[in-house]
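1. Predicted coordinates and the sequence they were generated for:
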Amino acid sequence: MLLLSTLSFPTFVEDSHALNQVVVDFDTYINGTQVPSLEVISNQYAEWAVVFTPFRAYNLSALEPGFASATSNYSEPNVGGLTPSVSFAPYNFINFTAWFKDNSTEDTLYTDFVSVKVGDNNIGTLSGNLTAYNTDGQQIGFAECFTTDQSFHTLTISRPTPDIAYVTFWTDSDGACIDDFTFNMPVVPEFQPSFLLLSSMIVFFILIVIRRKDSRPDL
């Protein structure tokens, strides 16, 4: 059993978007070919509108057979969990950022749902935390878990509208590994009613100022 805590911040919107879901399993590339163990993952999934700070994917059964045989609920064979400078387990201090970007223009895109499976074989420690940010770098969602068994469990952040520009994952010094990074396909957000109202108020104020200036008598 894994202890989970989540925090979600409100936004002033009226409905959510139903988007296509994408799963990055680190087992295959977008074209279906196999991801080799110890491959450095960064921009291989850019066509799916996500780019990672580099980390290694590795075959869990090959490098950590004891953990692989004890755990469950991950997509075999690969997991993500090694820094680029390390090519062997268990030094899996995986900390990364995932940006949602248009592959052609590199413009920021936004999603309303992100989840990731996290596994850790150090009972009683932090497995990891997932934090979501908007385009201004403000934290808008948070989820974390602590290890009470050797299973993979899911961290999830869900928003009522697509406003997640990027997420970070962090684990403590004893390490962890991840799998099945999942998100709704990012989109360019629509103007929200609150933004339109604010824009209308600004235009109205400017018009009043101009009208007052025009109505003043010449000295």
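-> Looks like it came in fine. Numbers count the residues shown, from 1 in each chain.
2. any weak-confidence spans in the protein?
-> Within the chain, the ranges that satisfy pLDDT under 70 run 1-19, 86-92, 190-219.
3. now the strands for the protein?
-> Along the chain, counting by DSSP state E, strands occupy 3-8, 21-24, 39-41, 50-52, 55-59, 78-82, 96-100, 113-119, 126-133, 139-146, 153-158, 166-170, 177-184.
4. Quick one: closest of the ones you listed to Ser72.
-> Distance to Ser72, taken as C-beta to C-beta, is lowest for strand 113-119 among these, at 9.2 Å. To be clear about C-beta, it is placed using only N, CA and C from the backbone, and glycine gets the same treatment.
5. and the angle for that closest one with strand 126-133?
-> Between strand 113-119 and strand 126-133, the angle formed by their directions is 170 degrees, by axes from the mean of the first three to the mean of the last three C-alpha atoms, to 10 degrees.
6. For strand 113-119, which outside residues touch it?
-> Strand 113-119 is contacted by residues 19, 21, 67, 71, 73-74, 79, 98, 127-128, 130, 132, 141, 145, 150-159, 164, 167, 169, 171, 176-184 when judged by C-beta atoms under 8 Å, 6 or more residues apart in numbering.
7. Taking those residues, please make a ChimeraX selection of just the buried ones.
-> Those of these that count as buried under 16 or more other C-beta atoms under 10 Å are selected in ChimeraX with:
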select :67,71,74,79,98,127,128,130,132,141,145,150,151,152,153,154,155,157,158,159,164,167,169,171,176,177,178,179,180,181,182,183,184
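8. circling back: kindly reformat the strands of the chain as TSV containing distance to Asp107.
-> Below are these laid out as TSV (distance: least, C-beta to C-beta, whole Å):
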stretch	distance to Asp107
strand 3-8	26
strand 21-24	18
strand 39-41	22
strand 50-52	12
strand 55-59	24
strand 78-82	26
strand 96-100	10
strand 113-119	19
strand 126-133	16
strand 139-146	19
strand 153-158	22
strand 166-170	13
strand 177-184	17
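9. Compare the ones you listed and give me the one nearest Ile30.
-> It is, among these and with distance given as C-beta to C-beta, strand 21-24, at 9.2 Å.
10. What are the buried residues along the closest one?
-> For strand 21-24, burial by neighbour count (16+ other C-beta under 10 Å) applies to 22, 24.
11. now it, how far from the centre of its chain.
-> 11 Å (C-alpha atoms, centre = their mean, to the nearest Å).
12. Tell me the strands beside that strand, with direction?
-> strand 177-184 (antiparallel) (DSSP bridges).
13. chain center to stretch 119-132: distance?
-> Centroid displacement of stretch 119-132 relative to its chain, using C-alpha atoms, centre = their mean, is 16 Å.
14. CA atoms only for that stretch, dumped as CSV, please.
-> In CSV, the C-alpha atoms belonging to stretch 119-132 read as follows (Å, rounded to 0.1, in the frame of the first residue of the first chain):
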residue,chain,number,x,y,z
GLY,A,119,8.2,2.5,-7.9
ASP,A,120,10.7,2.3,-5.0
ASN,A,121,12.1,-0.6,-3.1
ASN,A,122,13.1,1.4,0.0
ILE,A,123,10.2,0.9,2.4
GLY,A,124,9.3,3.9,4.5
THR,A,125,10.9,6.6,2.3
LEU,A,126,9.6,9.1,-0.2
SER,A,127,9.0,7.5,-3.6
GLY,A,128,8.6,10.8,-5.4
ASN,A,129,6.5,13.9,-6.1
LEU,A,130,4.9,15.3,-9.2
THR,A,131,4.4,19.1,-9.5
ALA,A,132,2.5,21.0,-12.2
